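Undergrad: Coordinates for the following, if possible.
(one chain, ligands or ions: 1)
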Amino acid sequence: MRQLKMFGTSSLALAVLLACASVVAAGGELQDDLKARRERLMAKLGPDALFVQWSAPTRVYSRDVDYEYRQDSDLLYLTGLDQEDTILVLMPGNQAKREILFVSDADPKREHREGHLLSAEEATARSGIATVFKRSEFDGFFRAIMNRRAFRARSGEIDTEYDAFFAALAESRAKLALLFDARPGLHDELPPIYELARQARDRYPDARVVDATTLVHGLRQVKTAYERQLLAKSVAISADAHVAGMKAAFAGRYEYEVEAAIEAVYLKSGAMSWGYPSIVGGGPNATILHYGKSERKLLPGELLLVDAAGNYQGQTGDITRTYPVDGAFSVVQKDIYRLVFAAQEAGLKAAVVGNRTVDVEKAAAAVIKEGLLKLGLITDASGDQYRTWYTHGICHWIGLDVHDVGDYRRPLEAGMTFVVEPGLYIRPESLDNLAKTPENDKFAAAVRPAVEKYKGIGVRIEDSFLLSETGLVRLSTGVPRALEEVEALLQARQR
Ligand SMILES: [Mn+2]
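TA: Numbers count the residues shown, from 1 in each chain. Okay, the predicted model is just below:
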C-alpha cells in the first residue's frame, strides 16, 4: 500500500488545506449542492427521524503513523467535510436546527502537531450547516434528546425546537436512522454506530433503530450537476495520467516507472491521491486482475495493462488501457484487443435510459462468446466456457467510491455514472483449474492449440461514463482507445 504520509500521526493538515482550497474554488455552489442533498435525504427520512452519521476512523499504517485520512463517503456526500471526529445529525422535524454538526474541540497542542481544526464558523462555511456543536457535547446531546429534553435549553426557558421528535418519542413512532452498510469484521473494534444502536435499544425503546443505507445510497446513485462536473474533471486528470504513462512505458523500463509517471500527473493536477491503488502489469502480470506490486521490468513485445485513476475532490473515475510497450500490437495481441474493443462497443449500445447494467453485460458477453469461438478459445458459445477467459463483470457505478454504491437492479437513468470494462485473460492454468469432468477435458483438449497461441495475453479496456439527459458521455476521451490511435500515440513518443 502506498498510503504513506510524511508528517506524524495524522494528515489533518493536508485534509484541511484541501478543504480550504475547495471552498475557494467552489464558492457557494458546493454548499448549495450539499444542502440540497441533505434536504432530499430529510424528505425521505420524515419528521419522526433522528439521523446520525460518523466520520471514518483513522487507520494505523505503522506504529504511530496513520494512513492518509480517508473520510467516510456518506459523510463526505452529506457534509463535504474531510475532518476526522465529525458527527452529522439530521432532525427533519426540527424547526430551525434541522442539521447539526459536531466537530472537534479546539486543541492548540494537537493543532501544532497535526494541523488546524475547523472552527465552528469554518465548518459552517464548508458544509452550509449553521448549527455546529463541539464533538465533546454529542453524548450529552443524544441523552438529552432521547429523554425529551431540549439540548442546551436554559432553565426557565421553553424551547420548542425538538417538539416534533419528542412527540414521535411520546407516541413510540420515533426512528433512529443509522447507516449500517460498513459491517465490522470479527476482530474489528465496534464502530460507534453499533454502540449507539445498542444504547438506543437498551434505554430508549420508544425509538426504533432503522437502517438508512438504502436511502443515502439511492441518492448517491444519481449524481447532481455539481458532482458530474467534479467527476468529469477527475476523469480528465486520470486520462492525462494514462497518456503520461503510455509515454513512459518503454521496454527496459520498470512497471513502477510507469506508475510514477501516472501518479505525478494526479498530484500536479490537484488530485491529491489515487482513487484506488494503481494496477500496472506488464506481460503475464496483465492477466492478474488486481496486480499491485509494479516491480517487473517491461520486456520487448509485451503488452502493459494499466488500470488507474486519481481521486479529485472526492470523485474517482476508473480507466484501463492495454498497450504494447514497443508501440505496435502483434497479430495475436490484435486479435484479443479487437475482440475486447468490440465487446465494449456492444456494451455501450445497451447503456441507455431504461436498460439495466445486466443488459450491458449481456450485450458484451454475446460478442465475447462469438469472438472466442472464432479464435478457437471455446468450442461452445451457448454455455459458460467463455467464463474461463472472461472472468469479471464489466459494469460498476463510479463516484465517491471507485466501486460506488447503488442498486444494480435499478434501471439506468440520467445522472448515473459507471464504467464498461470488458477484459480477456488467457492464463493456461485457467484450463488446468477447471472441474474434472469429461466435458471439461474435451473442451481443454480442443482449445489447447489456441491457448498456446494466445497464452499470457491479458487485455482490459475500461472507460468512465456519464449517462446524461442527451445520452451516454464518455468522460475518458482524453486517452486513446481504438487500436490504431493507441499505436499512433505510442509511435510518436520520444525516449
Ligand atoms: Mn473498474
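Undergrad: looking at this, residue 467 is in a helix?
TA: No - under the criterion used here (DSSP: H, G, I helix; E, B strand; the rest coil), residue 467 is strand, not part of a helix.
Undergrad: Now do the contacts for it.
TA: With contacts defined as CB atoms under 8 Å, 6 or more residues apart in numbering, the neighbours of residue 467 are 351-353, 412-418, 473. For every residue, glycine as well, the C-beta is placed using N, CA and C.
Undergrad: pLDDT wise, what is the one residue in the stretch 251-400 of the chain that gets nearest to the ion at?
TA: Nearest to the ion in the stretch 251-400 of the chain, going by CB to the ion, is residue 318, at a distance of 4.0 Å. Predicted confidence (pLDDT) at residue 318: the value is 98.
Undergrad: That one and residue 420 touch, don't they?
TA: No - counting by CB atoms under 8 Å, residue 420 is not a contact partner of residue 318; they are 10.2 Å apart.
Undergrad: Report the mean confidence score over the single longest helix found in the chain.
TA: With DSSP state H setting the assignment, residue counts place helix 225-248 as the longest helix in the chain. Across helix 225-248, the average pLDDT comes to 98.
Undergrad: In strands only, show me the contacts of residue 467.
TA: By the criterion of DSSP state E, membership of the contacts of residue 467 in strands covers 417-418, 473.
Undergrad: from these, which would you call buried?
TA: Buried subset of these (neighbour count, 16 or more other CB atoms under 10 Å): 417-418.
Undergrad: Looking at the ones in strands among the contacts of residue 467, which one is closest to the ion?
TA: Minimum separation from the ion among those (CB to the ion) is found for residue 418, which lies at 9.4 Å.
Undergrad: The closest one - nearest residue in space that isn't next to it in sequence?
TA: Across the structure, with CB to CB, 6 or more residues apart in numbering as the measure, the residue nearest residue 418 apart from its sequence neighbours is residue 397 (5.2 Å).
Undergrad: pretty sure the one you found contacts residue 407?
TA: No - under the contact definition of CB under 8 Å, residue 397 does not touch residue 407, with a separation of 9.4 Å.
Undergrad: and for these two, which residues touch both?
TA: Joint contacts of residue 397 and residue 407 (CB under 8 Å, 6+ apart) are residue 221.
Undergrad: Comparing those two, which residue is more hemmed in?
TA: Per other CB atoms under 10 Å, whichever of residue 397 and residue 407 has more neighbours is residue 397, with 23 against 12.
Undergrad: What parts of this structure come near the ion?
TA: Counting by CB under 5 Å from the ion, the residues of the chain lying close to the ion are 318, 419.
Undergrad: Let me see the domain layout of the chain.
TA: Dividing the chain into domains by automatic domain parsing, as the record does, gives the ranges 12-219, 223-491.
Undergrad: winner for burial among those?
TA: Greatest average neighbour count among the domains of the chain goes to domain 223-491 (a mean of 19), per mean count of other CB atoms under 10 Å.
Undergrad: Tell me how far the helix or strand residue 265 falls within lies from the chain's centre.
TA: Assigned by DSSP states H and E, residue 265 falls within helix 255-268. For helix 255-268, the separation from the chain centroid amounts to 20 Å (computed by CA atoms, centre = their mean, to the nearest Å).
Undergrad: That helix: what's the following helix or strand?
TA: The helix or strand immediately downstream of helix 255-268 is strand 273-274, counting by DSSP H and E.
Undergrad: Note down every partner strand of that next one and its orientation.
TA: Note on strand 273-274: by DSSP bridges, its sheet partners are strand 310-312 (antiparallel).
Undergrad: hmm, who's touching the strand it pairs with?
TA: For strand 310-312, the external contacting residues (CB under 8 Å, 6+ apart) are 230, 233-234, 237-238, 241, 263, 265-266, 269-275, 316.
Undergrad: Quick one: list the elements packing against the next helix-or-strand element following it.
TA: Later in the chain than strand 310-312, the nearest helix or strand by DSSP H and E is strand 315-316. With contacts defined as 3 or more CB pairs under 8 Å, 6 or more residues apart in numbering; DSSP states H and E, the secondary structure elements packing on strand 315-316 are helix 225-248.
Undergrad: now the angle from the helix it packs on to helix 255-268?
TA: Note on geometry: by axes from the mean of the first three to the mean of the last three CA atoms, to 10 degrees, helix 225-248 and helix 255-268 are set 140 degrees apart in direction.
Undergrad: okay, and for this structure, where does confidence drop off?
TA: Within the chain, the ranges that satisfy pLDDT under 70 run 1-27, 182.
Undergrad: before we move on, which element is the spatially closest residue to residue 191 that is not a sequence neighbour in?
TA: Nearest-residue entry for residue 191: residue 184, 5.8 Å, with adjacent residues in sequence omitted and distances by CB to CB, 6+ apart. In the assignment (DSSP H and E), residue 184 maps to no helix and no strand.
Undergrad: got it, and the one 4 residues further on?
TA: Assessed by DSSP H and E, residue 188 sits outside every helix and strand.
Undergrad: what's the first-to-last distance across stretch 263-273?
TA: For stretch 263-273, the first and last residues are 8 Å from each other (CA to CA, to the nearest Å).
Undergrad: Check the offset of it from the chain's centre.
TA: With CA atoms, centre = their mean, you get 17 Å for stretch 263-273.
Undergrad: Please apply the same query to stretch 180-195.
TA: On the basis of CA atoms, centre = their mean, stretch 180-195 sits 20 Å off its chain's mean C-alpha point.
Undergrad: Which residue, other than its chain neighbours, is closest to residue 60?
TA: Computed as CB to CB, 6+ apart, the closest residue to residue 60 that is not its neighbour in sequence is residue 66, at 6.0 Å.
Undergrad: Could you find the closest non-adjacent residue to residue 73?
TA: Residue 73's closest residue in space is residue 400 (CB to CB, 6+ apart), at 4.1 Å.
Undergrad: Also residue 334?
TA: In space, residue 334 comes closest to residue 483 once its chain neighbours are excluded; the distance is 6.6 Å by CB to CB, 6+ apart.
Undergrad: now do residue 141
TA: On the basis of CB to CB, 6+ apart, the spatially nearest residue to residue 141 that is not a chain neighbour turns out to be residue 151, at 4.8 Å.
Undergrad: host element of the one you found?
TA: Of the helices and strands defined by DSSP H and E, none includes residue 151.
Undergrad: Touching, it and residue 143? I think so.
TA: No - counting by CB under 8 Å, residue 143 is not a contact partner of residue 151; they are 9.1 Å apart.
Undergrad: quick one: contacts for the most centrally placed residue in the chain?
TA: Geometric centre of the chain, nearest residue: residue 401, 1.5 Å, by CA atoms, centre = their mean. The contact partners of residue 401, by CB under 8 Å, 6+ apart, come to 73, 316.
Undergrad: now residue 76
TA: Here residue 76 is in contact with 82, 314, 400 (criterion: CB under 8 Å, 6+ apart).
Undergrad: so the last one touches residue 221, yeah?
TA: Just to be clear, that refers to residue 400. No - using CB under 8 Å as the test, residue 400 is too far from residue 221 to be in contact (11.1 Å).
Undergrad: Against the ion, how distant is residue 40?
TA: Using CB to the ion, to the nearest Å, residue 40 is found at 27 Å from the ion.
Undergrad: Look up how far residue 420 lies from the closest residue to residue 291 other than its chain neighbours.
TA: Ranked by CB to CB, 6+ apart and with sequence neighbours excluded, the top spatial neighbour of residue 291 is residue 281, at 4.0 Å. Taking CB to CB, to the nearest Å as the measure, residue 281 and residue 420 are separated by 20 Å.
Undergrad: Could you do residue 459 as well?
TA: Distance of residue 459 to residue 420, computed by CB to CB: 14 Å.
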